[in-house]
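1. I would like to see how this sequence folds:
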Amino acid sequence: MRVVSGKTRHLLSSLEPNPSSVQFAVNSLTSDETQATRKSKYVSHESVVNLIKREKNPENALEIFNKASTQKGFQHNNSTYAVILNKLAQCKKYGPLDAVLHRMTYETCKFHEGVFLNLMNEFSKSSLHERVLDMFCLIVTIARTKPSMKAVSTCLNLLVDAEQMDLARAFLLKARKDFHVEPNTCIFNILIKHHCKKGDLESAFGVVKEMEKSEKSFPNLITYSTLIDGLCANGRLEAAIDLFEEMVSKHRIVPDALTYNVLINGFCRGGKTERARKIMDFMKKNGCSPNKFNYSSLMNGLCRDGKTDEARGVIDEMWAVGLRPDTVSYTTLINSLCRAERTSEALELLREMREKECKPDMVTFNVILGGLCREYRYSEALDMLECLPSEGVYLNKTSYRIVLNILCKNGEFDKAVSLLVLMLRRGFVPHFGTSNELLVSLCEVGKANDAVMVLFGLVDLGFRPKPGTWSVLVDLICRERRLLPVFELVDKLISERFMIAALDVSKSC
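-> Modelled structure (predicted):
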């Protein structure tokens, strides 16, 4: 095991507390406690936990942990070990983490397996899958207890989700051999989920048959919901309905909102929104109130099918039953309205969002900007770009590029130049291709002054025009006998090592 290596033993012994920041933390901690109780002389476990949580630097957190153990009457417990291990794992400080684990083997306090479940999750996030298995084994050696079925299912689920099937099989064999673990419903469900995710429904239903043979593990709601989702994902919608009916009528398993959502989402993805609506009606009649996810799935399907008015009705129904549509739901409907060239209605919906304190985000405004431009309402789009930052709305470069691209595409060069000036003033650089296209277009329509102004502004932000763009611009200025801007640009480009090709073009004048 990594936790007993000589390297980590040395690391543990070399971890001396730094009295500077840590002593101050501990002193202030005991000072606070004295003021609060006027009785306690010692640092509490809760205080150490809070100090470590607040400390962003993992080295300092470890110093606090070590310093606390030197305080009179203090002994670390499960909570303090858990918080320092979690901190080190999140910061990927695996050497010190192994040293702390090694130290735990000599502790007499009782450790809970939850400490190791958290570490399993952290190692899995970092794709250290063998370390996930190591943490499972430490439940026996450090927590001194047999791993629970929760620990088994957690470990297996992490390995399966990461598609580490060889490790997962080896783990199950080890769990059965060493700990006499027999698969339960949860473990079978993890295997079913894996097969469904891979599209191997035959193997998934094979696992169900094994469950049915078992005297301890029977298919439950999660089992059937996973299978129904797998069928829907493979386009087998009627088979999904048949399995749903079998679950309800034969096995007497009551579906919940999540199971219904699997069906609603599946039929919506399959373009059968009317069937999805009927499923929701059936859901209501059978005493299961739709939640916001059910409504959102239905609304997404209706918008995808272009049934915008029906989707709007779903939003109204949500408010009527006391559910609050979120920003994503509103933005989905706004996008559908804009693509149907009903941007005025989308703007009304935007006002409704604000009135009902549902805050639109950057995506919402980008959708609106695109809708306005597609309807040639450029002035409104430009006004929105100008005013939104002063209203506390953060815009990114995509917001500006959406409008600029459409202006250039439709030949609105005066407005494009105005927008580009606004972008440059706010520190946003247009797309490279759009910038070159705009410069060439300005030259083609004889707007030399605008082209030069735009190029100077772009160069200041690191823009490097294509040789062809530079050639067109210089050719236009030379024809108009206005050589000063050419020389200034050549000097600027050469001094910053932008283009050697600019020299050849300038000679042609």
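2. hmm, who's touching stretch 182-195?
-> 149, 152-153, 156-157, 160, 165, 172, 176, 201, 203-204, 207-208, 210-211, 214, 216-220, 222-223, 226-227, 230 (Cβ atoms under 8 Å, 6 or more residues apart in numbering). To be clear about C-beta, it is placed using only N, CA and C from the backbone, and glycine gets the same treatment.
3. at 6 Å what do you get?
-> Applying Cβ atoms under 6 Å, 6 or more residues apart in numbering, the external contacts of stretch 182-195 come out as 149, 153, 156-157, 160, 203-204, 207, 211, 217, 220, 222-223, 226.
4. for that stretch, buried residues please.
-> The neighbour-count check on stretch 182-195 (16 or more other Cβ atoms under 10 Å) flags 183-195 as buried.
5. how about it as CSV, C-alpha atoms only?
-> What follows is stretch 182-195, C-alpha atoms only, in CSV (Å, rounded to 0.1, in the frame of the first residue of the first chain):
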residue,chain,number,x,y,z
GLU,A,182,-23.0,-10.8,-2.5
PRO,A,183,-24.4,-8.4,-5.1
ASN,A,184,-27.6,-6.6,-4.0
THR,A,185,-30.1,-4.6,-6.0
CYS,A,186,-27.9,-1.5,-5.9
ILE,A,187,-24.9,-3.3,-7.4
PHE,A,188,-27.1,-5.0,-10.1
ASN,A,189,-28.5,-1.5,-11.0
ILE,A,190,-25.0,-0.2,-11.5
LEU,A,191,-24.3,-3.0,-14.0
ILE,A,192,-27.6,-2.4,-15.7
LYS,A,193,-26.8,1.3,-16.0
HIS,A,194,-23.4,0.5,-17.6
HIS,A,195,-25.0,-1.8,-20.2
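6. show the pLDDT at the residue most central in space within the chain.
-> Nearest residue to the geometric centre of the chain (Cα atoms, centre = their mean): Lys125, 13.5 Å. Note on Lys125: pLDDT of 96.
7. tell me where the model's unsure across this structure.
-> For the chain, the stretches with pLDDT under 70 are 1-42, 461, 463-465, 470, 474, 477-509.
8. if we can go back for a sec, how much space between the residue nearest to the centre of the chain and Pro58?
-> 16 Å (Cβ to Cβ, to the nearest Å).
9. try Asp309
-> With Cβ to Cβ as the criterion, Asp309 and Pro58 are 55 Å apart.
10. enumerate every residue touching the closest residue to Ala381 other than its chain neighbours.
-> Excluding the flanking residues, the one nearest Ala381 by Cβ to Cβ, 6 or more residues apart in numbering is Leu372, at 4.2 Å. Leu372 is in contact with 343, 380-381, counting by Cβ under 6 Å, 6+ apart.
11. so after whatever helix or strand Leu372 lives in, what's the next helix or strand?
-> Assessed by DSSP states H and E, Leu372 sits inside helix 362-374. Note on helix 362-374: by DSSP H and E, the next helix or strand toward the C-terminus is helix 378-387.
12. how far off centre is that following helix?
-> Here helix 378-387 is found 30 Å from its chain centre; the criterion is Cα atoms, centre = their mean, to the nearest Å.
13. pull out the buried residues from it.
-> Quick answer for helix 378-387 (16+ other Cβ under 10 Å): 378, 381-382, 384-385.
14. export the buried residues of stretch 182-195 to a markdown table and tack on distance to Tyr81 and secondary structure?
-> Formatted as a markdown table, these follow (distance: Cβ to Cβ, whole Å; DSSP: H, G, I helix; E, B strand; the rest coil):
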| residue | distance to Tyr81 | secondary structure |
| --- | --- | --- |
| Pro183 | 31 | coil |
| Asn184 | 29 | coil |
| Thr185 | 32 | helix |
| Cys186 | 27 | helix |
| Ile187 | 29 | helix |
| Phe188 | 34 | helix |
| Asn189 | 32 | helix |
| Ile190 | 29 | helix |
| Leu191 | 33 | helix |
| Ile192 | 36 | helix |
| Lys193 | 33 | helix |
| His194 | 33 | helix |
| His195 | 38 | helix |
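15. in those residues, find the pair that's most separated.
-> Greatest spatial distance in these: Asn184 and His195, 17.6 Å, computed using Cβ to Cβ.
16. in stretch 281-300, what's buried?
-> Neighbour counts over stretch 281-300 (16+ other Cβ under 10 Å) mark 283, 288, 290-292, 294-300 as buried.
17. other residues contacting it?
-> Stretch 281-300 has contacts (Cβ under 6 Å, 6+ apart) with 257, 260-261, 264-265, 268, 276, 280, 311, 314, 318, 323, 329, 332.
18. quick check: Leu88 touching Pro96?
-> Yes. Counting by Cβ atoms under 6 Å, Pro96 is a contact partner of Leu88 at 5.4 Å.
19. and the two? which has more neighbours close in?
-> Between Leu88 and Pro96, counted using other Cβ atoms under 10 Å, Leu88 has the larger neighbour count: 25 against 22.
20. quick one: Glu274 from Gly266, how far?
-> 14 Å.
21. more neighbours: these two, which one.
-> Neighbours were counted for Glu274 and for Gly266 using other Cβ under 10 Å; Gly266 has more, 27 against 14.
22. so who does the closest residue to Ser148 other than its chain neighbours touch?
-> In space, and not counting its chain neighbours, Ser148 is closest to Glu113: 6.4 Å by Cβ to Cβ, 6+ apart. Taking Cβ under 6 Å, 6+ apart, we find Glu113 in contact with 139, 143, 151.
23. for stretch 134-144, buried residues please.
-> Buried residues in stretch 134-144, counted by 16+ other Cβ under 10 Å: 134-139, 142-143.
24. in helices only, show me the residues you listed.
-> Of the buried residues of stretch 134-144, the ones assigned to helices by DSSP state H are 134-139.
25. okay if I get these as a markdown table plus distance to Ser399?
-> Listed next are those as a markdown table, based on distance: Cβ to Cβ, whole Å:
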| residue | distance to Ser399 |
| --- | --- |
| Asp134 | 47 |
| Met135 | 45 |
| Phe136 | 48 |
| Cys137 | 52 |
| Leu138 | 50 |
| Ile139 | 51 |
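26. out of these, which comes closest to Ile241?
-> Using Cβ to Cβ, these come closest to Ile241 at Phe136, 39.8 Å.
27. any idea how far the closest one is from Leu395?
-> Phe136 sits at a distance of 48 Å from Leu395 (criterion: Cβ to Cβ).
28. now swap in Val248 and tell me
-> For Val248, the distance to Leu395 (Cβ to Cβ) stands at 50 Å.
29. do the same with Thr223
-> With distances taken as Cβ to Cβ, Thr223 is found 47 Å from Leu395.
30. over to Asn157?
-> As defined by Cβ to Cβ, Asn157 lies at a distance of 41 Å from Leu395.
31. cool, and Cys268?
-> Computed as Cβ to Cβ, the Cys268 to Leu395 distance reads 32 Å.
32. those two: which is more packed in?
-> Cys268 (24 against 17).
33. now that one: closest residue in space that isn't a chain neighbour?
-> Nearest non-adjacent residue to Cys268 (Cβ to Cβ, 6+ apart): Gly301, at 2.5 Å.
34. I'd like the next helix or strand past the helix or strand where that neighbour lies.
-> In this assignment (DSSP H and E), Gly301 forms part of helix 292-304. Later in the chain than helix 292-304, the nearest helix or strand by DSSP H and E is helix 308-320.
35. can you list the buried residues in that following helix?
-> Quick answer for helix 308-320 (16+ other Cβ under 10 Å): 308, 310-312, 314-315, 317-318.
36. which helices and strands does that helix pack with?
-> For helix 308-320, the helices and strands in contact under the criterion 3 or more Cβ pairs under 6 Å, 6 or more residues apart in numbering; DSSP states H and E are helix 292-304, helix 327-339.
37. CSV for these, including distance to Gly427?
-> Formatted as CSV, the helices and strands packed on helix 308-320 follow (distance: least, Cβ to Cβ, whole Å):
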stretch, distance to Gly427
helix 292-304, 35
helix 327-339, 26
